[in-house]
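Q: Next come a sequence and a model predicted from it.
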Number of protein chains: 2
Amino acid sequence: MKKKLKLGLFGFGCVGQGLYHVLHETHGVKAEIKKICVKNQSKSRPIADSFFTYKKEDILNDADIDVVVELIDDANAAFEIVKTSLEHGKAVVTANKKMLAEHLEEIYELQKKHNRPVLYEGSVCGSIPVLRNLEEYYDNDLLQSIEGIFNGSTNYILTKVFEERKNYDEALKQAQELGFAESDPSLDVKAFDPKYKLTIAILHTFGVFVKPEDVINIGIDKIAEVDLKYARENGYTIKLIAQARKIGDKVYGFVAPQYIEATNPLASVRNEYNAVQLEGAFAEKQLFVGKGAGSYPTGSAVLSDISALTYDYSYEYKKISQERQVFFSNDALVEAVVSFKGEDIVTSKEFEKFEGGYRGNGYQFLRGTVKLEKLREWSANPEVSVILTTTSKITPLQPVDKKALSFA
Amino acid sequence: MKKKLKLGLFGFGCVGQGLYHVLHETHGVKAEIKKICVKNQSKSRPIADSFFTYKKEDILNDADIDVVVELIDDANAAFEIVKTSLEHGKAVVTANKKMLAEHLEEIYELQKKHNRPVLYEGSVCGSIPVLRNLEEYYDNDLLQSIEGIFNGSTNYILTKVFEERKNYDEALKQAQELGFAESDPSLDVKAFDPKYKLTIAILHTFGVFVKPEDVINIGIDKIAEVDLKYARENGYTIKLIAQARKIGDKVYGFVAPQYIEATNPLASVRNEYNAVQLEGAFAEKQLFVGKGAGSYPTGSAVLSDISALTYDYSYEYKKISQERQVFFSNDALVEAVVSFKGEDIVTSKEFEKFEGGYRGNGYQFLRGTVKLEKLREWSANPEVSVILTTTSKITPLQPVDKKALSFA
């Protein structure tokens, strides 16, 4: 039977306030907020003062509190809160993707050690129930790939830039005003945020721990007007795509902008909406679309985790034990177009298979098959814009170990 | 810990064979087929004879069998199998939407009485995890509506008719050859199949039992060439849409063809794909897209249910106890276009609010706001084609009881 849970919140920003309202309006979730720990003592708060404290011990040492809901920005402080909460026998709900991505293996071990769950549905694509479905529903299908639009604010920016021909800075400012963009916009536009989410998703899809620094992330911050023009002339849009695929005993994964044809279902995912597409051997392609940012969508995911705790739910990380051991790798080829101003910043020799290029308006475009590590190198160059082709796919550099193929 | 389940199958058609292969290829699901009961003794079978029996007692009376997987066509025989299985202490997995829709309340009571679960994810939209998400993930959100494309074969037919300008009979034949269409095509084209699915979905979305005969279903079998022309000229497509919405303390729901604008995400759901769109107070719009027909997609949903049984999963029907009592009703208005050959088969007086019409090529089109019960009347007339407008919404005939609004 359902327990009535007592919650201690850390942070009362956009998501925390969303949660408060969602919890207040909904019926059926047996949980109530007992205490909220915040940092800023001078800020005026929209709910009664008696809820608030400035000392974390007021929550962590309160034996009456069953669940700590961690909703602060600072990843290091957040990890300390998670760790101490588990040590004190409390379950944890968090949506902090950076903290999770950086500490996944420790958090997995800490849950086993203290026998208390950490749930984090809100950390990956806001309101879309990605992790819960990967854990529960796709526990038996042989998943081959996960890909999608994992960042709401860059998708909002790209939508505005394409559909309303807004300029980039204006679109970013609008996204921030609407509360979709992180306080540090580089987390979004340089694709760190979707990379953290992909890191978490890779664990629940394939049972593989990967460090975020090993996952290549190319942002949308260097996309130039000529790239947009190229896209429009070819009937494409550009989306920031996170993707991971299992081939043989390797998992390849990265985040990069990609040209997308109008008939691709991801093309119609607009504004702050996110999308996750799973490909399994039997269920085939499954697409989930929902709001990936904003206080209510994320608040509803956090509430779903709290509700699951009233039923003693925990992630079982079934893929870790189920799958034959697989390894993360960047030794693969993809197809990309690079563009830059001027001459020879990138040369055709840097491609594994060069397919051609053209010049126009002082810009140069080069297209071909290229190593993932080369993408990382180019992405570090402020003068080079890198965008995957519409038909880009991941091709392993080494021949695939056929015996390791779980489904051919 | 996971149990190794012994399965008894009834039926070995398209879905049964899909399940056999899925179970054979996948790892991690601790279940094996012990016996398969089939009807036709002369048919040659693709797997060893030792699996087969022609007597249902060989499964129902075998104490060693934990789970009965019911995959036969005949809804009455299927219900007897479900009932006897529960009485004999066996769990049941089924994808028989007609049987389920007609016996939902009895099956709910039988599960409580015998304390054994019946799971039926495969019955609603094939591979899309609709019921599991409604039960588990959306247990706390205040769901306002569910709608979508619930039938793969009619969607396949409409896609072919629109995109490849195939004629209707040719497209139907192709759908049947590909195994998407039911053996009795009228279940699909007259929209009984999606109605059964909607009936099941209404229970898990709103906690309301409704009899399938109370749900109005209008098929695609009377859509004429002039309707397709009207759609093309206006940049629309036509989809067969199942929808249910809670307004106040009433739930309204029906299945009907609808004109769909190109920007609507449902427009891009093509061929045998299905789609389910949920609208909640907090998670807002969520779209799930996946294959709704075919042996492997449905087989994978059935396998997910079997896998869930190894963890003692059962539907808790939380909405029944959680929600304030709500009632199914057809007392609502929608917006529709009717078309017919000749004169005055339908008159403008039959609309609550007539918006206009035109004649051309011997056909007459009338457009306006109309009672749901009038749609049912028109749909019984073989000369009249009924299609909802792109902007049609459900408007209650009676004023809404404000106190009953759970979220305004």
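A: Looks like it arrived, so ask away. Numbers count the residues shown, from 1 in each chain, chains lettered A, B, ... in the order given.

Q: Against A:A175, how distant is A:T154?
A: As judged by CB to CB, to the nearest Å, A:T154 and A:A175 stand 8 Å apart. The C-beta positions use only the backbone N, C-alpha and C, and glycine is treated the same way.

Q: er, A:R165 I mean
A: A:R165 sits at a distance of 16 Å from A:A175 (criterion: CB to CB).

Q: Which one's more surrounded, those two?
A: A:A175 (26 against 9; other CB atoms under 10 Å in any protein chain shown).

Q: Let me see the domain layout of chain A.
A: With automatic domain parsing serving as the domain definition, the record reports that chain A contains domains spanning A:5-119, A:141-291+A:324-403.

Q: now the strands for the stretch 151-300 of chain A?
A: Using DSSP state E, counting those that start in this stretch, the strands found in the stretch 151-300 of chain A span residues A:216-217, A:236-247, A:250-261, A:273-280, A:284-291.

Q: what about these, which gets the closest to A:A308?
A: When these are compared by CB to CB, strand A:284-291 sits nearest A:A308, at 17.7 Å.

Q: Run through who's touching that closest one.
A: With CB atoms under 8 Å, 6 or more residues apart in numbering or on different chains as the test, strand A:284-291 has contacts from A:125-130, A:133, A:152, A:265, A:269, A:272-280, A:297, B:127-128, B:265, B:283-291, B:296-297.

Q: quick one on the thing from earlier: want to throw the strands of the stretch 151-300 of chain A into a markdown table with mean neighbour count?
A: As requested, those are arranged in a markdown table below (neighbours: other CB atoms under 10 Å in any protein chain shown):
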| stretch | mean neighbour count |
| --- | --- |
| strand A:216-217 | 21 |
| strand A:236-247 | 24 |
| strand A:250-261 | 24 |
| strand A:273-280 | 24 |
| strand A:284-291 | 23 |
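
Q: can you tell which of those strands is closest to A:G28?
A: When those are ranked by distance to A:G28, counting by CB to CB, first place goes to strand A:284-291 at 20.9 Å.

Q: Tell me which strands the closest one pairs with, and in which orientation.
A: Sheet pairing for strand A:284-291, assigned by DSSP bridges, gives strand A:273-280 (antiparallel), strand B:285-291 (antiparallel).

Q: got those strands as a markdown table, with mean pLDDT and distance to A:R245 columns?
A: Supplementary listing: the strands paired with strand A:284-291 in a markdown table, determined by pLDDT from 0 to 100; distance: least, CB to CB, whole Å:
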| stretch | mean pLDDT | distance to A:R245 |
| --- | --- | --- |
| strand A:273-280 | 94 | 8 |
| strand B:285-291 | 93 | 19 |
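
Q: got the contact list for A:Q398?
A: A:Q398 makes contact with A:D331 under the criterion CB under 8 Å, 6+ apart.

Q: On the three-state scheme, it is what?
A: Secondary structure of A:Q398, reduced to three states by DSSP: H, G, I helix; E, B strand; the rest coil: coil.

Q: Just give me how far the lowest-mean-pLDDT helix or strand in chain A sits from the chain centre.
A: Scoring the helices and strands of chain A by mean pLDDT, DSSP states H and E places helix A:168-177 at the bottom, with a mean of 77. Its chain's average C-alpha position is 20 Å from that of helix A:168-177, according to CA atoms, centre = their mean, to the nearest Å.

Q: And it, what's buried?
A: Within helix A:168-177, the residues scored as buried using 16 or more other CB atoms under 10 Å in any protein chain shown are A:Y168, A:A171, A:L172, A:Q174, A:A175, A:Q176.

Q: Which stretches in chain A count as helices?
A: Per DSSP state H, chain A carries helices over the ranges A:14-25, A:57-60, A:75-87, A:97-114, A:130-132, A:152-163, A:168-177, A:185-189, A:192-206, A:225-233, A:295-309, A:318-322, A:372-379.

Q: Check which helices and strands the fifth one sits against.
A: Helix A:130-132 is packed against helix A:192-206, with contacts defined by 3 or more CB pairs under 8 Å, 6 or more residues apart in numbering or on different chains; DSSP states H and E.

Q: The longest one now?
A: Based on contacts counted as 3+ CB pairs under 8 Å, 6+ apart, the elements that helix A:97-114 packs against are helix A:75-87, strand A:118-119, helix A:192-206.

Q: circling back to that earlier point, ok, so of the buried residues of helix A:168-177, who is nearest chain B?
A: Sorting the buried residues of helix A:168-177 by distance to chain B puts A:A175 at the head of the list, at 17.2 Å, by CB to the nearest CB.

Q: ok, now how distant is that closest one from A:V15?
A: 16 Å.

Q: picking that back up, ranking the helices and strands packed on helix A:97-114 by burial, who's on top?
A: For the helices and strands packed on helix A:97-114, ranked by mean neighbour count under the definition mean count of other CB atoms under 10 Å in any protein chain shown, the leader is helix A:192-206 at a mean of 26.

Q: what about that one, distance to the chain center?
A: When C-alpha coordinates are averaged (CA atoms, centre = their mean), helix A:192-206 and its chain have centres 6 Å apart.

Q: same thing with stretch A:36-47?
A: Here the centre of stretch A:36-47 is set off from its chain's centre by 29 Å, with CA atoms, centre = their mean.

Q: ok, now stretch A:172-188?
A: Its chain's average C-alpha position is 15 Å from that of stretch A:172-188, according to CA atoms, centre = their mean.

Q: and the closest residue to A:G253 other than its chain neighbours, bridged to which residues?
A: Residue nearest to A:G253 in three dimensions, not counting chain neighbours: A:A244, with 3.2 Å by CB to CB, 6 or more residues apart in numbering or on different chains. Beta bridges link A:A244 to A:I146, A:G253 when assigned by DSSP bridges.

Q: hang on, A:A244 packs against A:I200?
A: No: counting by CB atoms under 8 Å, A:A244 sits too far from A:I200 to count as a contact (11.0 Å).

Q: how many neighbours does A:G235 have?
A: Taking other CB under 10 Å as the neighbour definition, A:G235 ends up with a count of 12.
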